[in-house]
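In: Sharing a sequence plus its predicted fold:
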Amino acid sequence: MNFRLQDQTEVSPSDAFFITGSGRCGTTLLRRLIVEKSGAVIPPENYSLGVSGRFSSAAQQDWGLSCRLIIGEVQRDSPQNGAFGVDAAMAISLLSSIPPEHRTIANFWHAFHAIYATHVGKPSVSRWGDKTPLNAARLDNIIELFPTARFIFMIRDIFDVAYSYGSMDVVGRRGKYLDQSPRKAPKEIGFESAIRLELTNTGQNGADPHVRWPPAKCESNAGQNAINPTMNSTELATTATLLTTSITQ
C-alpha cells in the first residue's frame, strides 16, 4: 500500500530486485545497463541493507532513532558515496515521518529509495533495485525483509575474476592478488592465491582451482517471463533489456 512522507513524496512498495554474485563478475555493468534502459533506480553498493533487519525490534521502540542509526551505517560503510548523494539530515527527517502504520525496516528502504529516485531525477514511485555483491552471503536476511524480492545472480569464470582483481588499480588492493607482471604472466603463487580466495568467497572451497569454469552467465528468478538463465557475456546488453522488461513489470 502506498504512503507519503511529510514532504508529500509518494512511496510505492514493490518487489525489490537484487543483483548479486562475486565481485568483479559484471554486476556493475548490469546495474548501469538496467538503469540506462529502464525507469528503475539502483544506488551504489549498499552494505547496510543486508544487515538492517537487526534494527526491527529497536524500530518498534524508537523509530526516529532507528532511522538515524541506519543512515549512519550507510554513511559509515560507503564513505565515498555518503548517503548516495542524498542529504543525510533531510533523509532522516523524511524517513522519520513514515506513518506509524507503515513503520517497518522494509518500508524504510522503500522510502529511502523513493527519496533517492527523486534525488536522481526519477519519479519517487520508480522500481528500485540493489547491486551489492556482498549480499550473496545475506540472502536469508534480505528475503526475511522482502519475501517477494527477485534476484539476479551473476557468475563469471573464476580465472577471469582473479585476473580482474589482480589488474585493479585501487589503493590497498594493488599486488594483493597478482603481482605487477604482465597480465598473461602472473606469479604462480599470486595467481593460485587469487583463485583460491575466489573459491572461498563463492563457497567453493573444495573445488579444483585448475578446472576452467564455463563462460560468464546470468541466472535470475525475475519472473516467469525471464530469459534463458545462461548466456555469454557478449550478450549482456540484450540480457539487461530482457531482465529490465521482466523485473519492472
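Out: Received, thanks.
In: how close does I152 get to K131?
Out: I152 sits 9 Å away from K131, going by C-beta to C-beta, to the nearest Å. All C-beta spots, glycine's among them, are computed from the backbone N, C-alpha and C.
In: which neighbours do these two share?
Out: By C-beta atoms under 8 Å, 6 or more residues apart in numbering, I152 and K131 have these common neighbours: F18, I19, T20, L30.
In: Which SSE is immediately downstream of the helix or strand hosting the second one?
Out: If I follow you right, that is I19. In this structure, I19 sits in strand 17-21 according to DSSP states H and E. Using DSSP H and E, the helix or strand that follows strand 17-21 in sequence is helix 27-37.
In: could you say what helices and strands the helix or strand just after that next one packs with?
Out: Later in the chain than helix 27-37, the nearest helix or strand by DSSP H and E is helix 56-61. Contacts defined by 3 or more C-beta pairs under 8 Å, 6 or more residues apart in numbering; DSSP states H and E place helix 56-61 against helix 63-77, helix 105-119.
In: Counting by contacts, list what the first one packs against.
Out: Packing contacts for helix 63-77, counted by 3+ C-beta pairs under 8 Å, 6+ apart, involve helix 56-61, helix 88-96, helix 105-119.
In: what does the second one rub up against?
Out: I take that to be helix 88-96. With C-beta under 8 Å, 6+ apart, helix 88-96 has contacts from 5-7, 9, 63-64, 67-68, 71, 75, 82-83, 108, 111-112, 115.
In: let's see it at 10 Å
Out: 5-7, 9, 11, 63-72, 74-75, 82-84, 86-87, 103, 107-109, 111-112, 114-116, 118-119 (C-beta atoms under 10 Å, 6 or more residues apart in numbering).
In: Just the buried residues from those residues, in ChimeraX please.
Out: Those of those that count as buried under 16 or more other C-beta atoms under 10 Å are selected in ChimeraX with:
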select :5,9,11,63,66,67,68,69,70,71,74,75,83,84,86,103,107,108,109,111,112,114,115,116,118,119
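In: N107 is in contact with F3, correct?
Out: Yes - F3 is within contact range of N107, at 7.6 Å (criterion: C-beta atoms under 10 Å).
In: what do those two both touch?
Out: Residues touching both F3 and N107 (C-beta under 10 Å, 6+ apart) are V11, P13, I98, P99, E101.
In: Ranking helices and strands of this protein by mean pLDDT, which lands last?
Out: Lowest on mean pLDDT, DSSP states H and E among the helices and strands of the chain sits strand 217-220, with a mean of 50.
In: ok, the shared contacts of I152 and K131 vs F146, which is closest?
Out: Set against F146, the nearest of the shared contacts of I152 and K131 by C-beta to C-beta is F18 (8.4 Å).
In: Tell me what the closest one is bridged to.
Out: Beta bridges link F18 to D130, F151, judged by DSSP bridges.
In: That one and L134, how far apart?
Out: In terms of C-beta to C-beta, F18 sits 11 Å off from L134.
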